[in-house]
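make a model of this:
(one chain, ligands or ions: 2)
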Amino acid sequence: MRIGIVGATGYGGAELLRLLNNHPEVKNIHLYTSSKDGVHIDETYPHLKTVYDNTLQPFNSKDAGSQSDLVFMATPPGVSAEHTQEVREAGAKVIDLSGDLRLKDPDVYSAWYKRPSAQAETIHQAVYGLSEWNEEAIRSASIISNPGCYPTAVLLGLAPLIQQDVVDTRSVIIDAKTGTSGAGRSATMVTHFSEMNENFKIYQVNTHKHTPEIEQQLSIWNSNMGAITFQPHLVPMVRGIMATMYLQLNKQLTVEQIADLYNEAYDNKPFVRARNNHSFPATKEVYGSNYCDIGLSYDERTGRLTVVSVIDNMVKGAAGQAIQNMNIMNGWDEKTGLNFTPVYP
Ligand SMILES: NC(=O)C1=CN([C@@H]2O[C@H](COP(=O)(O)OP(=O)(O)OC[C@H]3O[C@@H](n4cnc5c(N)ncnc54)[C@H](OP(=O)(O)O)[C@@H]3O)[C@@H](O)[C@H]2O)C=CC1
Ligand SMILES: CC(=O)N[C@@H](CCC(=O)OP(=O)(O)O)C(=O)O
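Ligands and ions are numbered 1, 2, ... in the order given. Okay, here's the model as predicted:
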């Protein structure tokens, strides 16, 4: 299969290249840039030196769409809104890692992203690529909107409870932490070493653009769902997301019954590892891998359930899930090219 990566000089693009290099069905990769035409990828990323012979070429939709069967858009907001349809018309399928095509209501997109949305038709065609829960639609999709990193961790953690309607829908509080790579390679002050080392910051309180994305999917699963509270934090590490979620159950369930909901949901899902022994995952336990690890605890004193979900934001939260979706679209085993254990310590 011929692959195109737009935004290859960014963190998401580089991670795609690292993973696709080990994918047996991928024979040819074109890298596109808006600023580094003619530069070899290993000048930007020496760690990718042995990966194909890739020189960056200028991005235009026509070339990208005709030189590739599938194009990954690993670009900032606005780029895929503008170019996805042109890439499709030139012949390639598209997997978009940005948030441009995730929100089905263009007004909601404009309100949270503070920019014009993509055309309604493109948004309509895009299938939300939460691999574990949307497999059938992904299989026949031509455009995938790859989920955001936080929504991936949060939705995988909440799905079994929300789908089975065992949660007081107004009680959901999500306290999430991320490493600095989530901000991309071009981020400057916010993730500057002096700003982040020995520091811990809350940011975009009640305004983060992943809030409507999480709410949209939760309300597809359960029409009683309303607004949620989602607060992101930056911690001084490079990779990893931990989402700690607090919720009140709307019915009496034993710890065993709660664990059963997770086992039933994820027993045949190779990348989700739910624990039912009161053990809690740490971000390092999924580092560099496509796993999402989940732990939970029910506090009988308060009637509150705590769910902890961790992923590597660069892999399951971006490039890994995108490749998992590529596998599903092509009828390949979803683990192809992704079947490796986390790096530890
Ligand atoms: N980092 C993460 O953990 C995650 C990121 N995402 C999303 O994936 C996307 C990419 O993120 P990330 O890789 O971190 O970001 P980076 O800032 O690291 O990289 C983005 C790349 O996009 C390219 N680019 C910028 N403008 C244009 C343009 N007009 N046309 C074509 N290419 C352009 C740039 O490369 P060049 O200058 O060579 O063109 C740049 O290297 C974003 O939308 C992000 O929100 C999603 C999930 C997780
Ligand atoms: C640390 C940091 O800034 N993280 C980013 C992660 C989200 C991201 O990558 O955004 P999309 O996947 O939705 O495009 C943020 O909070 O915006």
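
quick check: Ile328 touching Glu136?
No: at 9.3 Å, Ile328 does not count as touching Glu136 under the criterion of Cβ atoms under 8 Å. For the C-beta atoms, the positions are set from N, CA and C on the backbone; glycine is no exception.

more neighbours: which of those two?
The residue with more neighbours, out of Ile328 and Glu136, is Ile328; 23 against 10, by other Cβ atoms under 10 Å.

which phi and psi does the more buried one have?
phi -60, psi -40 (degrees, to the nearest 10).

OK, contacts around the closest residue to ligand 2 within the stretch 101-250 of the chain?
Nearest residue of the stretch 101-250 of the chain to ligand 2 (Cβ to the nearest ligand atom) works out as Gly182 at 3.0 Å. Gly182 is in contact with Cys149, Ile241, Asn313, Gly317, counting by Cβ atoms under 8 Å, 6 or more residues apart in numbering.

rerun that using 10 Å as the cut-off
Listed by Cβ atoms under 10 Å, 6 or more residues apart in numbering, the contact set of Gly182 reads 11, 148-150, 191, 232, 234, 238-241, 313-314, 317-318.

those also near ligand 2: which ones?
Restricting these to those touching ligand 2 (Cβ under 6 Å from any ligand atom) yields Gly148, Cys149, Pro232, Leu234.

now the helices for the stretch 201-345 of the chain?
Taking DSSP state H, counting those that start in this stretch to define them, one finds helices in the stretch 201-345 of the chain at 210-221, 255-266, 320-329.

any residue of the shortest one touching ligand 1?
Just to be clear, that refers to helix 320-329. No: counting by Cβ under 6 Å from any ligand atom, no contacts exist between helix 320-329 and ligand 1, the nearest distance being 8.6 Å.

near ligand 2 at all, that helix?
No: judged by Cβ under 6 Å from any ligand atom, helix 320-329 makes no contact with ligand 2; its nearest approach is 10.7 Å.

ok so, going back, just the helices of the stretch 201-345 of the chain: most buried one?
helix 320-329 (a mean of 26; mean count of other Cβ atoms under 10 Å).

which segments of the protein make up each domain?
2-128, 150-312 (automatic domain parsing).

kindly reformat the ones next to ligand 2 among the contacts of Gly182 as JSON lines containing neighbour count and pLDDT.
Output for these, formatted as JSON lines (neighbours: other Cβ atoms under 10 Å; pLDDT from 0 to 100):
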{"residue": "Gly148", "neighbour count": "23", "pLDDT": "98"}
{"residue": "Cys149", "neighbour count": "29", "pLDDT": "98"}
{"residue": "Pro232", "neighbour count": "23", "pLDDT": "98"}
{"residue": "Leu234", "neighbour count": "20", "pLDDT": "96"}
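
near ligand 1, which of these show up?
Among the ones next to ligand 2 among the contacts of Gly182, ligand 1 is touched by Gly148, Cys149 when using Cβ under 6 Å from any ligand atom.

who in the stretch 151-300 of the chain is up against ligand 1?
So far as Cβ under 6 Å from any ligand atom goes, the stretch 151-300 of the chain lies against ligand 1 at Ser181, Gly182, Gly184, Arg185, Ser186.

just curious, which of the residues you listed is nearest to Val205?
Gly182 (16.5 Å; Cβ to Cβ).

and stretch 235-246, end to end?
20 Å (Cα to Cα, to the nearest Å).

need the max-distance pair from the ones next to ligand 2 among the contacts of Gly182.
Gly148 and Leu234 (15.5 Å).
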